[in-house]
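Novice: Build me a model from this:
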Amino acid sequence: MFGLLPAGFLSLLLFCFLITSSSGTVSQALQDLQSQTGDVIVKGDPDFETRKLIMNAACTDEPAIIVVPKTDLDVSVALKAAKNSGLPLSVRSGGHSYTCNSIKEGSLHIDMRGMNTVQIVQDSDSPTGLVAMLDAGATWGSVLRSIPPTSYSYPHGQCRSVGVAGYLLGGGVNWLGTYNKYGYGAENILAMRAVLSDGRIADVTPEKTEIIFPSQQTITHTTDNNLFFALRGAGSSFGVVTQFKYIIHDTPETLPAILLAWADSTSDLEAIKAAAQESPDYSITISEEFTRDFWQNPQVALIYKFLFPPIMTVLRRIGNKFHGTDSFPVFLTVTDISTQATRTTNVIRAADYVKSKGVRLVMRNNFMITLFHIFAEVLYEANIVEQEQWQPGQYQLASLNFGSLDSHQAFEDVFFNDPNFGNKRSDFLKSVNDGCDYCFWMIHYRNRQYQTPVSALNPISTERSEDKPNSLDTNLVCMFSDANSECSTIVNDIKDKIEAKAAVIDPTYTKYVNFPSCSNPNWADKYWGNGVSALQTIKSEWDPDNLFNHCQSIGSSPVSGQDCCPFADPITQTTTSLNSCQTTTGQTCVFPFTHQGVTHTSCTFQGGYSTAWCSTQTDSSGVHIIGNYGDCDMAAGLCTQESGPNSPSTTACKTVSGAKPNLPCVFPFRYNGRVYNSCVSAGFDDPWCSTLTNMFGVHVNGNWGNCDKSACPLS
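Specialist: Just a heads-up that it's a prediction; the model follows:
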């Protein structure tokens, strides 16, 4: 079953035994890896320098060992080698991680690209009768060549070099039509082959996890161990998935009509939103590119460099003279998602539809509308081809993402007036001149028309905001080759502006883990919503030692959403008070600290805990960093504790009935994306409160009671 070791491996192993004791763990791992068949690569080997690179050049960590497995058993051996040696673990498929999740300094690094088979087969488990068997190391480019979109359709990564595993384990969105037609990629997963933290190999289906190695065992899923739920949205925190069984539709993927429109005012944006969400037949996005010299394909390079800027400037002048506008026009992609859709969207029919909703198109003549569409389609197809040829480590990335927004209001001012990206900016190429080689801004309007049977019964762990079907998402991604560029600062400044407004205007907004903004301390709640508590419980079942940890993973630390991300604001610990209050384990308490919007100057019972606790680390804004806390050492006489609604001794508001009667209410608590500081009806007849929250302040399901109306604050 196992092949020969790679050439030179034994001599390398002997060498490792002779070097300093700090490499003892590496030596142990190399010895354990002898029983697997994949390549084992260390620094000095010919492939090491290229194999260690991932797409984001800002991720510069260097692993100690790179393993390129060929089989599930190879992955199992590698995981046990990491665990036995104590080396950190990192795993990659396509390597497109914005937050460097797929690489770690000094790690045993599993490179899944050697497992890249793609097959389409008939399968009765699929509602369409067709599935793809996708290996984790395949890219969506290879999938699209094997299962061509001219004949089949399915959610996939828009960038062809994106890996299958990272895309699906993070939820999987494609804003250019397939999301609104088929949902998240993760919702189309029927089953997975996974290697667990202890090296066991399992087949994971909605009902059960079937252990197939080293011995057979069937584990029926409950709410406390549902690995199928956890892997589809937070998967990199729970195991290494090596293969997916994936729904394939026997109809071609529909290409969008590409139109040029004015988005000069709030009413223009509202008209586009109405067009996007008032018909079941179309999926619409606003898409904008900011670049000059980035694209190198001879077919389009000269257009971007010499024609695109002056054409857009001329169009702005025309708009100002004839349409009463003062902005650069925006690109609309309008995709036919009806059940009758074919390979192409009828351009004129799409144009007539959006115009009927009040969208102002730049071109009013059908011939010019068609001509522009053809021109834009040529650019798009050429860029997609070139994108797949990008080399890892070539560009650094900075991004922002805000999802489930009720309106454009949180980012409207930036969209119109930002000097780099606003469509009323004075300099069309300011972002380029300020160091951003390429930026892409998209606004996607949710208009879902389909739910896969498997996801209807078994929701994914990604926060889907099903109570906000007419919401919208926006993301900005910038790439730059100059490490000294101001591009990341520009993106972060915009992110801060939008975040500050969204927190007030649209507080139930979400984030998407594969487009992390790395700016909100409640990042887990934004990624996984009310599923966080369940995910933490499932994590303790399948990965109690937290082998699968990385930036912003379930169970990782630091987890503020800032410190571990490239270009993020550094975390600094605020000055502790002079009373030297400490936790029972000897850590110094930090005061003041803010948690879930409440600022504390002494030990608190916030969250419904029976013992007063304090923060031991805060970020630069004084916000408590989740996971960094301890029970206060009250016996030492140096700590003080709060009185008030969170103190058990003074709690006046208690439950009188419900699931947990005669217990103190916990305030604040977060439920369905909203924070409550008082009892709330929230869909029920009687006002109720949470009696227990998790570490993120999210209500733990089942822990609630009806409030004593005479003593409790009521919404």
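Novice: Only C-alpha atoms from now on, for both contacts and neighbour counts.
Specialist: Fine.
Novice: which helix of the protein spans the most residues?
Specialist: If you go by DSSP state H, the chain has its longest helix at helix 366-387.
Novice: Just give me how far that helix sits from the chain centre.
Specialist: Here the centre of helix 366-387 is set off from its chain's centre by 29 Å, with Cα atoms, centre = their mean, to the nearest Å.
Novice: which helices and strands does it pack with?
Specialist: strand 257-261, helix 347-356 (3 or more Cα pairs under 8 Å, 6 or more residues apart in numbering; DSSP states H and E).
Novice: Apply 10 Å and report the result again.
Specialist: Judged by 3 or more Cα pairs under 10 Å, 6 or more residues apart in numbering; DSSP states H and E, helix 366-387 is in contact with strand 257-261, helix 301-302, helix 347-356.
Novice: For those, could you give me TSV that also reports mean neighbour count?
Specialist: Output for the helices and strands packed on helix 366-387, formatted as TSV (neighbours: other Cα atoms under 10 Å):
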stretch	mean neighbour count
strand 257-261	24
helix 301-302	16
helix 347-356	18
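Novice: rank these by mean pLDDT and give me the bottom one.
Specialist: Out of the helices and strands packed on helix 366-387, helix 301-302 stands lowest, with a mean of 94 (criterion: mean pLDDT).
Novice: Spit out the contact partners of the residue nearest the centre of the chain.
Specialist: Of all residues in the chain, the one closest to the mean position by Cα atoms, centre = their mean is V513, 1.2 Å from it. By Cα atoms under 10 Å, 6 or more residues apart in numbering, the residues touching V513 are 97-99, 167, 169-172, 233-234, 401, 462-463, 523-524, 526-528, 552-553.
Novice: R448 too?
Specialist: The contact partners of R448, by Cα under 10 Å, 6+ apart, come to 177-184, 277, 280, 282-283, 337, 466, 469-470.
Novice: what separates it from Q277, distance-wise?
Specialist: Taking Cα to Cα, to the nearest Å as the criterion, R448 is separated from Q277 by 9 Å.
Novice: Go through stretch 130-149 and flag the buried ones.
Specialist: Going by neighbour count (16 or more other Cα atoms under 10 Å), the buried part of stretch 130-149 is 130-144, 147, 149.
Novice: next one: stretch 150-170
Specialist: 152-157, 159-170.
Novice: Which ones among these lie within strands?
Specialist: Judged by DSSP state E, the buried residues of stretch 150-170 include no members of strands.
Novice: coming back round to it: pipe the helices and strands packed on helix 366-387 into CSV and attach distance to I626 per row.
Specialist: Below are these laid out as CSV (distance: least, Cα to Cα, whole Å):
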stretch, distance to I626
strand 257-261, 44
helix 301-302, 47
helix 347-356, 46
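Novice: out of those, nearest to Q387?
Specialist: Closest to Q387 of the helices and strands packed on helix 366-387 is helix 301-302 (Cα to Cα; 13.3 Å).
Novice: for that closest one, the distance to its chain's centre please.
Specialist: With Cα atoms, centre = their mean as the basis, helix 301-302 stands 33 Å off its chain's centre.
Novice: could you say what helices and strands the helix or strand following that helix packs with?
Specialist: The helix or strand immediately downstream of helix 301-302 is helix 308-318, counting by DSSP states H and E. Applying 3+ Cα pairs under 10 Å, 6+ apart, one finds that helix 308-318 contacts strand 282-291.
Novice: For the stretch 401-550 of the chain, which segments count as helices?
Specialist: 412-417, 430-433, 453-457, 487-505, 523-528, 532-542 (DSSP state H, counting those that start in this stretch).
Novice: okay, those, which one's buried deepest?
Specialist: When the helices of the stretch 401-550 of the chain are scored by mean count of other Cα atoms under 10 Å, the highest mean neighbour count falls to helix 523-528 (a mean of 24).
Novice: Just the C-alphas of that one, formatted as CSV.
Specialist: Extracted C-alpha coordinates of helix 523-528, given in CSV (Å, rounded to 0.1, in the frame of the first residue of the first chain):
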residue,chain,number,x,y,z
TRP,A,523,-16.1,38.1,13.9
ALA,A,524,-17.4,34.6,14.8
ASP,A,525,-20.9,35.9,15.2
LYS,A,526,-20.6,37.7,11.8
TYR,A,527,-19.4,34.5,10.1
TRP,A,528,-21.6,31.8,11.7
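Novice: okay, now L638: neighbour count?
Specialist: If you count neighbours by other Cα atoms under 10 Å, L638 ends up with 13.
Novice: hang on, I meant D45
Specialist: Other residues near D45 come to 11 when the count uses other Cα under 10 Å.
Novice: Repeat that for P309.
Specialist: P309: 17 surrounding residues under other Cα under 10 Å.
Novice: pretty sure it is touching L429, no?
Specialist: Yes: with contact defined as Cα atoms under 10 Å, P309 counts as touching L429 (7.6 Å).
Novice: Where does F228 sit: helix, strand or coil?
Specialist: Three-state call for F228 (DSSP: H, G, I helix; E, B strand; the rest coil): helix.
Novice: quick one, strands of the stretch 451-600 of the chain?
Specialist: Ranges of strands in the stretch 451-600 of the chain, per DSSP state E, counting those that start in this stretch, are 472-480, 593-595, 598-600.
Novice: Tabulate these (JSON lines), appending mean neighbour count, mean pLDDT and distance to E388.
Specialist: Shown next, in JSON lines, are the strands of the stretch 451-600 of the chain (neighbours: other Cα atoms under 10 Å; pLDDT from 0 to 100; distance: least, Cα to Cα, whole Å):
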{"stretch": "strand 472-480", "mean neighbour count": "22", "mean pLDDT": "96", "distance to E388": "15"}
{"stretch": "strand 593-595", "mean neighbour count": "22", "mean pLDDT": "81", "distance to E388": "43"}
{"stretch": "strand 598-600", "mean neighbour count": "15", "mean pLDDT": "79", "distance to E388": "47"}
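Novice: Would you tell me which of those gets closest to V491?
Specialist: Nearest of the strands of the stretch 451-600 of the chain to V491, taken as Cα to Cα: strand 472-480 at 7.8 Å.
Novice: Report the angle between the closest one and strand 282-291.
Specialist: 20 degrees (axes from the mean of the first three to the mean of the last three Cα atoms, to 10 degrees).
Novice: send the alpha carbons of strand 472-480 over as PDB?
Specialist: C-alpha atoms of strand 472-480 as PDB (Å, rounded to 0.1, in the frame of the first residue of the first chain):
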ATOM      1  CA  LEU A 472     -27.200  42.900  -0.400                       C
ATOM      2  CA  ASP A 473     -23.500  42.200   0.000                       C
ATOM      3  CA  THR A 474     -20.400  44.300  -1.000                       C
ATOM      4  CA  ASN A 475     -16.800  43.400  -1.200                       C
ATOM      5  CA  LEU A 476     -13.600  45.200  -2.300                       C
ATOM      6  CA  VAL A 477     -10.400  43.300  -3.100                       C
ATOM      7  CA  CYS A 478      -7.200  45.000  -4.000                       C
ATOM      8  CA  MET A 479      -3.900  43.500  -5.200                       C
ATOM      9  CA  PHE A 480      -0.500  45.200  -5.100                       C
END
